[in-house]
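Asks: Okay, here's the prediction I keep looking at, along with the sequence it came from:
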Amino acid sequence: MAAASDNDFVRTESPETGVVILVPTADIDMSRSPILRSAIKSELKPGLDRMIIDLGEVQYMDSSGLATLVEAMRIAKSHAVPLHLVSMTTKVRAIFEIARLDAFFSIKDSRQEALDC
Amino acid sequence: MAAASDNDFVRTESPETGVVILVPTADIDMSRSPILRSAIKSELKPGLDRMIIDLGEVQYMDSSGLATLVEAMRIAKSHAVPLHLVSMTTKVRAIFEIARLDAFFSIKDSRQEALDC
Amino acid sequence: MTPMSRSKPIKIELVSDPMYLCGARELVSSIAHRVGFGDMECSKIALALDEAMCNIIRHGYNKATDRPIWLTIYPQQPDETTYGGIEIIIEDEAKQVDPSTICGRDLADIKPGGLGVHIMREVMDQVVFEKRNGTGMRLKMSKSAPRPDEAPRIGQRSSGSNPAQARIS
Amino acid sequence: MTPMSRSKPIKIELVSDPMYLCGARELVSSIAHRVGFGDMECSKIALALDEAMCNIIRHGYNKATDRPIWLTIYPQQPDETTYGGIEIIIEDEAKQVDPSTICGRDLADIKPGGLGVHIMREVMDQVVFEKRNGTGMRLKMSKSAPRPDEAPRIGQRSSGSNPAQARIS
Ligand SMILES: Nc1ncnc2c1ncn2[C@@H]1O[C@H](COP(=O)(O)OP(=O)(O)O)[C@@H](O)[C@H]1O
Ligand SMILES: Nc1ncnc2c1ncn2[C@@H]1O[C@H](COP(=O)(O)OP(=O)(O)O)[C@@H](O)[C@H]1O
């Protein structure tokens, strides 16, 4: 029930060269968005083949999280790096729908689907 | 982040005849202990081979939860039904230790260990 | 929501630090759960509260983390004559702004930010900003819970978007 | 804990309904986290609060769910001269009892119940019950956070039970 410690809030994985998967491990709100933002900024570089943000462990996100992801999408586009959001829980998907952002992002059901596309 | 609905708070499984596994799916506090208590009372009957309470999804328990489990252990003993607690998270185990109840119960690491013993 | 059928309010005085958002969300979410909202709705109500508090911290207090915020939550248990529901009042001592200037951006123009007020209005039935007497702002938000075990309210019958509401007991 | 280095308190007025336990736990847990306690300690502090509230509901108010409980939480940020820490004050309007009668059972005599007060005393550094002026009880609980990055306090050096405390910077 206690929040995951902020230090290990975002896990970084690289299943193959050129692919980075970021895994936020708790609620993304105004107190944690800056941590996600800096993880994205340090990993999302020109030349990366693909970035995947795995939201499977996130039960809650507010508009600061959405803003962080919108910004990530813009950086990804400017660097021509495909960015996919995967494994969204139903509650988090509902927030994307309220904000009419579900069409703006590439949202995939699973990591595999994002790796294959 | 919202609490799991109270209706499905305790899942009941029976992997083989004579074995009942109860799986509480959220924090066990004064507001939910009565639900666990009635699930135990309706399943823990003489003639059962084994009851397992799987605490793997429980991140938090207070003394009302401990009291419910102490009562369950007494009923199990009176019916000569082996009762095992399995898959405790570290936080829940700490609560058993504070209450000096870790030796009173049969605590196993996994369901399999409880089925084999 | 008639004042008569309100339960006692829960009052919280906290400071404008984002570290308290989670605790505030959990509290309002457990209250919403109890008055009859489903998990998804509870999560959305917590979101509306979170957005309101974030706006106070960011716009009202310019990110100072030690200024007061007061929450008052009125749970309304369902009874024979009313749906259950929840009313949330959020007050601050921050700068006063004309309520009509508090509005979100055009959703079609996608950019970071500008979503909070939209989210609040989308999630809650009622969202009213006003200046407090003297200093600070007050925000009232309320939402009625559906009663899936009863006939739907007139006008919702044909929407068909909620199968639970279409069931007639 | 010196009053000078206390941050502003968080105050909550709620009612004696077990549905609020979870929100209260989350709130105190996020505050404890922020002032320097680790995840396990935060969970134990939340447990102490939960046990205190349960006792008020059960013994003080005889399970009535609509009576007031006031929580005041003082977070104490660590600084050069002090450890961080937390102080929690819980007040009610319930029946007054002699504080010396509030104690747990012998832990060797295992039976359901009788654990709450033990848990509070085991988890917190200080647990003090007192009668309020007029009506109701007041419980003060406090706990200092360890500072793993500094020399341990005199007298804890040789305990060896906490490896973090044994490290000397
Ligand atoms: N509590 C508040 N105090 C003052 N201004 C506010 C407040 N809440 C919202 N606003 C104004 O309304 C605008 C829209 O808010 P919002 O939709 O949450 O988007 P954002 O906060 O990302 O700008 C803000 O930019 C701000 O000008
Ligand atoms: N808030 C309270 N008001 C009155 N009596 C209390 C209160 N808290 C505890 N007590 C007394 O102290 C005893 C021990 O409490 P506790 O250790 O929590 O065990 P339990 O609540 O299971 O009896 C209680 O049985 C009760 O007599």
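Replies: Looks like it arrived, so ask away. Ligands and ions are numbered 1, 2, ... in the order given.

Asks: from here on, contacts and neighbour counts on C-alpha atoms
Replies: Fine.

Asks: low-confidence ranges in the chain?
Replies: The chain I'm using is chain A. Counting by pLDDT under 70, the ranges of chain A that qualify are A:1-7.

Asks: look at chain C instead
Replies: Along chain C, segments meeting pLDDT under 70 span C:1-6, C:147-169.

Asks: same thing but at 90, please
Replies: C:1-9, C:19-20, C:22-23, C:26-27, C:30-31, C:33-36, C:76-84, C:103-114, C:145-169 (pLDDT under 90).

Asks: Show me which residues of it sit near chain A.
Replies: Counting by Cα under 8 Å from any Cα of the partner chain, chain C comes close to chain A at C:18-19, C:21, C:40, C:43-44, C:47, C:50-51, C:54, C:107, C:110-113, C:115-116, C:118-119, C:122.

Asks: Are any of those buried, and if so which?
Replies: Burial by neighbour count, 16 or more other Cα atoms under 10 Å in any protein chain shown: within these this picks out C:18-19, C:21, C:40, C:43-44, C:47, C:50-51, C:54, C:110, C:112-113, C:115-116, C:118-119.

Asks: among these, which are within reach of chain D?
Replies: Among those, chain D is touched by residue C:19 when using Cα under 8 Å from any Cα.

Asks: from the buried ones among the residues of chain C next to chain A, which ones fall inside helices?
Replies: C:21, C:40, C:43, C:44, C:47, C:50, C:51, C:54, C:116, C:118, C:119 (DSSP state H).

Asks: roughly how far apart are the third one and residue C:19?
Replies: Computed with Cα to Cα, to the nearest Å, the distance linking residue C:43 and residue C:19 is 18 Å.

Asks: go on, the fifth one?
Replies: Separation of residue C:47 from residue C:19 (Cα to Cα) stands at 15 Å.

Asks: cool, and the fourth one?
Replies: Distance from residue C:44 to residue C:19, counting by Cα to Cα: 19 Å.

Asks: could you check the angle helix C:39-55 makes with the longest helix seen in chain A?
Replies: Assignment by DSSP H gives helix A:63-79 as the longest helix of chain A. Inter-element angle recorded for helix A:63-79 and helix C:39-55: 80 degrees (by axes from the mean of the first three to the mean of the last three Cα atoms, to 10 degrees).

Asks: Tell me which residues touch residue A:76, please.
Replies: A:44, A:82, A:83 (Cα atoms under 8 Å, 6 or more residues apart in numbering or on different chains).

Asks: Centre-most residue in chain A?
Replies: Centroid-nearest residue in chain A: residue A:53, 3.2 Å away (criterion: Cα atoms, centre = their mean).

Asks: That residue - that's part of a strand, no?
Replies: Yes - counting by DSSP: H, G, I helix; E, B strand; the rest coil, residue A:53 is found in a strand.

Asks: I'd assumed residue A:25 was in contact with it.
Replies: No - the pair residue A:53 / residue A:25 is not scored as a contact, 11.1 Å apart, by Cα atoms under 8 Å.

Asks: Could you report the neighbour count for the closest residue to residue A:26 other than its chain neighbours?
Replies: Once flanking residues are discounted, residue A:26 sits nearest to residue A:58: 5.2 Å by Cα to Cα, 6 or more residues apart in numbering or on different chains. Neighbourhood size, residue A:58 [other Cα atoms under 10 Å in any protein chain shown]: 19.

Asks: Residue C:33 now?
Replies: 25.

Asks: My read is that it contacts residue C:39, right?
Replies: Yes - at 7.0 Å, residue C:33 counts as touching residue C:39 under the criterion of Cα under 8 Å.

Asks: before we move on, back to that, please identify which two of the ones in helices among the buried ones among the residues of chain C next to chain A are farthest apart in space.
Replies: C:40 and C:54 (20.9 Å; Cα to Cα).

Asks: how about residue C:125, what does it touch?
Replies: With contact set as Cα under 8 Å, 6+ apart, residue C:125 has these partners: C:141, C:142, C:143, C:144.

Asks: Can you report phi and psi for it?
Replies: Per-residue torsions, residue C:125: phi -70, psi -40 (degrees, to the nearest 10).

Asks: Equivalent analysis for the one 10 residues further on, please.
Replies: When read as degrees, to the nearest 10, the backbone of residue C:135 gives phi -130, psi 150.

Asks: and the closest residue to it other than its chain neighbours, how many neighbours?
Replies: Closest residue to residue C:135 apart from its sequence neighbours, by Cα to Cα, 6+ apart: residue C:93 at 5.5 Å. Neighbour count for residue C:93, taken as other Cα under 10 Å: 18.

Asks: again with residue A:117
Replies: 8.

Asks: and the gap between it and residue A:53?
Replies: Distance check for residue A:117 against residue A:53: by Cα to Cα, it reads 15 Å.

Asks: Regarding residue A:30, what is its secondary structure?
Replies: coil.

Asks: Could you list which residues are in contact with it?
Replies: A:62, A:64, A:65, C:18, C:54.

Asks: same thing but at 6 Å, please
Replies: residue A:64 (Cα atoms under 6 Å, 6 or more residues apart in numbering or on different chains).

Asks: I'd like the contacts of residue C:125 as a markdown table, with distance to ligand 2 appended.
Replies: Putting these into a markdown table (distance: Cα to the nearest ligand atom, whole Å) gives the following:
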| residue | distance to ligand 2 |
| --- | --- |
| C:141 | 35 |
| C:142 | 34 |
| C:143 | 35 |
| C:144 | 35 |
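
Asks: Cross these against helices and list the overlap.
Replies: Those of the contacts of residue C:125 lying in helices (DSSP H): none at all.

Asks: farthest pair in those?
Replies: Going by Cα to Cα, the pair spanning these furthest: C:141 and C:144, at 10.6 Å.

Asks: So for those two, which sits in the more crowded spot?
Replies: residue C:141 (23 against 20).

Asks: Assess the claim that the more buried one and residue C:127 are in contact.
Replies: Yes - in terms of Cα atoms under 6 Å, residue C:141 counts as a neighbour of residue C:127; the distance is 4.5 Å.

Asks: So which residues of chain C form strands?
Replies: Remark: strands assigned in chain C by DSSP state E are C:10-15, C:68-76, C:85-92, C:126-131, C:137-144.

Asks: Thanks again, I'm all set now.
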